[in-house]
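In: Sequence first, predicted coordinates after that:
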Amino acid sequence: MDDLTPVREVAERFGVPISTLHYWERRGLLTPHRRSGRRHFDTEQLYRVALIKLLRETGLMSIEEIDALLHRSGTDTWQETVHGRIATLDAHLTRLQAAHGYLTHLLTCRHGDALETCPAFRSTVPLPL
């Protein structure tokens, strides 16, 4: 068996509360080993913690979506979840790239206090109808 890492150390390493690791265990996302009644994680479980944290923070996935992905529950449910998340992230990336471009433009914009009249801004920002 791999070296086991105590739950407190796992929480510290990953910057998550111990209660979060317990919650993920209750939800069936983690399966720590028990030694004298205390939770310990092997290398495989540490990678699973890293994956769950990554999906929560960067993929903006819910616990239910992560559960579907990790357990591949349903026939195509987990794939639909992944495709949906990719579409959401693509849309978010597009908005972030537009914001980045506009903020970069602001550094050299000649319109000073009247930024909303800037033709570059107006050409990239659609008004809701």
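Out: All right, it came through fine.

In: Would you indicate which residues of the helix or strand bottoming out on mean pLDDT in the chain are buried?
Out: Every helix and strand of the chain was ranked by mean pLDDT, DSSP states H and E. The lowest is helix 119-124, at a mean of 81. Neighbour-count burial for helix 119-124 flags Ala120 (criterion: 16 or more other C-beta atoms under 10 Å). Heads up, the C-betas are built off the backbone N, CA and C, glycines and all.

In: neighbouring contacts of it?
Out: Judged by C-beta atoms under 8 Å, 6 or more residues apart in numbering, the contacts made with helix 119-124 from elsewhere in the structure are 98, 101-102, 105, 109, 115-116.

In: give me that answer again for 10 Å
Out: The set of residues external to helix 119-124 that reach it, using C-beta atoms under 10 Å, 6 or more residues apart in numbering, is 98-99, 101-102, 105-106, 108-111, 115-116, 118.

In: Quick one: the strands in this protein, in order.
Out: Listed in chain order, the strands found in the chain under DSSP state E are 5-6, 33-35, 38-41.

In: Let me have these in TSV, adding mean pLDDT and distance to Arg56 as columns.
Out: Supplementary listing: the strands of the chain in TSV, determined by pLDDT from 0 to 100; distance: least, C-beta to C-beta, whole Å:
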stretch	mean pLDDT	distance to Arg56
strand 5-6	96	20
strand 33-35	94	23
strand 38-41	96	17
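
In: what's the closest of those strands to Glu80?
Out: With C-beta to C-beta as the criterion, Glu80 lies closest to strand 38-41 of the strands of the chain, at 30.1 Å.

In: Tell me the strands beside the closest one, with direction?
Out: If you go by DSSP bridges, strand 38-41 pairs up with strand 5-6 (antiparallel), strand 33-35 (antiparallel).

In: Point out the other helices and strands that the longest helix seen in the chain packs with.
Out: For the chain, the helix that runs over the most residues, judged by DSSP state H, is helix 77-106. Taking 3 or more C-beta pairs under 10 Å, 6 or more residues apart in numbering; DSSP states H and E as contact, the helices and strands that helix 77-106 lies on are helix 63-71, helix 119-124.
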